[in-house]
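J.: My questions concern the predicted model and sequence given below.
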Amino acid sequence: MTRLRLPLVGIPFQRRTTPPAALLGLANTISMVFAHENWEGRNNWINNYRPDAGPGLNFEFKYDPKTGLDESPAQSPKDYIDLSVTQLFYTSNMVHDLYYRYGFDEVSGNFQQDNYGRGGKEGDGVIANSQDGSGYNNANFMTPPDGQNGRCRMYVWNTASPYRDGDLEAGIVIHELTHGLSTRLTGGPANSGCLGWGESGGMGEGWGDFLATTIRSTKDYKDFAMGSWAANQVKGIRNYVYSTVSRELVIGPHMY
């Protein structure tokens, strides 16, 4: 493998940053994320389907959910799986790069197959399952200690017809990936059991929502819901929306 010249902050996109033997010829894999479909909900993932962008690396796929009577609501997301895997791949890499710039680097326990000699344990890029068949209406992220792959499972939502794909709800994806950040920073990269239950688990959920909301926020909106599109309801998947205005206690009366 030829070592690449990399900047001190972040890592540029390279199709073949990881050695070809490790990629197994996969077109949309780099050192941080392995994205693919997982309709069967299995643990094996290396040979799962991934879209082929061709020699030009053109990952532009059409979102065209089918609503006709000749197709079941559950089938529709499968028809645009190329788009879903690509979107999950893009969002996951965006989050990696953003968190890297704010300090979640190799020494801090981030997720990379190759750490380029910068410290920490490598070999732990995120395994990102699009349309995972092990559940509905949810998502999760498994965070083992540094040096072991994290696993992000994104599910289809049967809250509308046709069914909706959680991969396309950026807030949910960012929330799940943030579990990797908070879990490896709380207790250190080698101790991933600090946020697994009870009150500490609730803190992890809150941090996930906070960063997902902060990253998506714009000056044009004051109220922010989590997962409103996937859940097909205005308030989203929480009891109340998050708000940045003084009427917050009216919108969301929860206090810590």
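T.: All right, it came through fine.
J.: Name the residues that touch stretch 175-184?
T.: 91-92, 95-96, 99, 104, 108-111, 126, 139-141, 143, 145-146, 150, 152, 154, 192, 194-195, 203-204, 207-209, 211-212, 226 (Cβ atoms under 8 Å, 6 or more residues apart in numbering). In short, each C-beta sits where N, CA and C put it, glycine included.
J.: if I look at the spatially most central residue of the chain, how far off is Gly135?
T.: Geometric centre of the chain, nearest residue: Val173, 3.7 Å, by Cα atoms, centre = their mean. Distance, Val173 to Gly135, using Cβ to Cβ, to the nearest Å: 16 Å.
J.: Can you tell me which of the contacts of stretch 175-184 are buried?
T.: For the contacts of stretch 175-184, a burial check counting by 16 or more other Cβ atoms under 10 Å picks out 91-92, 95-96, 99, 104, 108-111, 126, 139, 141, 143, 145-146, 150, 152, 154, 192, 194-195, 204, 207-209, 211-212, 226.
J.: Met226 is in contact with Asp209, correct?
T.: Yes - the criterion here is Cβ atoms under 8 Å, and Asp209 meets it with Met226 at 5.6 Å.
J.: Now for those two: what residues contact both?
T.: Shared contacts of Asp209 and Met226, defined by Cβ under 8 Å, 6+ apart, comprise 175, 238, 242.
J.: What helix or strand is the first one located in?
T.: Using DSSP states H and E, the element containing His175 is helix 170-185.
J.: For that helix, what is the distance to the chain centroid?
T.: Offset of helix 170-185 from its chain centre (Cα atoms, centre = their mean, to the nearest Å): 7 Å.
J.: One more: stretch 49-62?
T.: 19 Å.
J.: Ends of it, what's the gap?
T.: Between the start and the finish of stretch 49-62 there is a gap of 18 Å, counting by Cα to Cα, to the nearest Å.
J.: do stretch 238-254 as well
T.: Stretch 238-254: ends 11 Å apart by Cα to Cα.
J.: can you check stretch 188-208 too?
T.: Start-to-end, stretch 188-208 (Cα to Cα) is 18 Å.
J.: just stretch 120-127 next, same as before
T.: End to end - Cα to Cα - stretch 120-127 spans 19 Å.
J.: ok, residues contacting it?
T.: Outside stretch 120-127, the residues touching it (Cβ under 8 Å, 6+ apart) are 18, 31-34, 45, 92, 96, 105-115, 144-152, 177, 180, 189.
J.: buried stuff in that stretch?
T.: 120-122, 124-127.
J.: Now it: average pLDDT?
T.: Averaged over stretch 120-127, pLDDT sits at 97.
J.: before we move on, what about stretch 94-108?
T.: Here the average pLDDT along stretch 94-108 is 97.
J.: circling back: can you add secondary structure and give the buried residues of stretch 120-127 back as TSV?
T.: Shown next, in TSV, are the buried residues of stretch 120-127 (DSSP: H, G, I helix; E, B strand; the rest coil):
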residue	secondary structure
Gly120	coil
Lys121	coil
Glu122	coil
Asp124	coil
Gly125	coil
Val126	strand
Ile127	strand
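J.: how about these in a markdown table, adding distance to Glu169?
T.: Below are those laid out as a markdown table (distance: Cβ to Cβ, whole Å):
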| residue | distance to Glu169 |
| --- | --- |
| Gly120 | 30 |
| Lys121 | 31 |
| Glu122 | 30 |
| Asp124 | 25 |
| Gly125 | 22 |
| Val126 | 17 |
| Ile127 | 19 |
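J.: Between which two of those is the distance greatest?
T.: Spatial extent of the buried residues of stretch 120-127 (Cβ to Cβ) is set by the pair Gly120 and Ile127 at 18.1 Å.
J.: Which of the buried ones among the contacts of stretch 175-184 fall in strands?
T.: Counted as lying in strands by DSSP state E, out of those, are 126, 139, 141, 152, 154.
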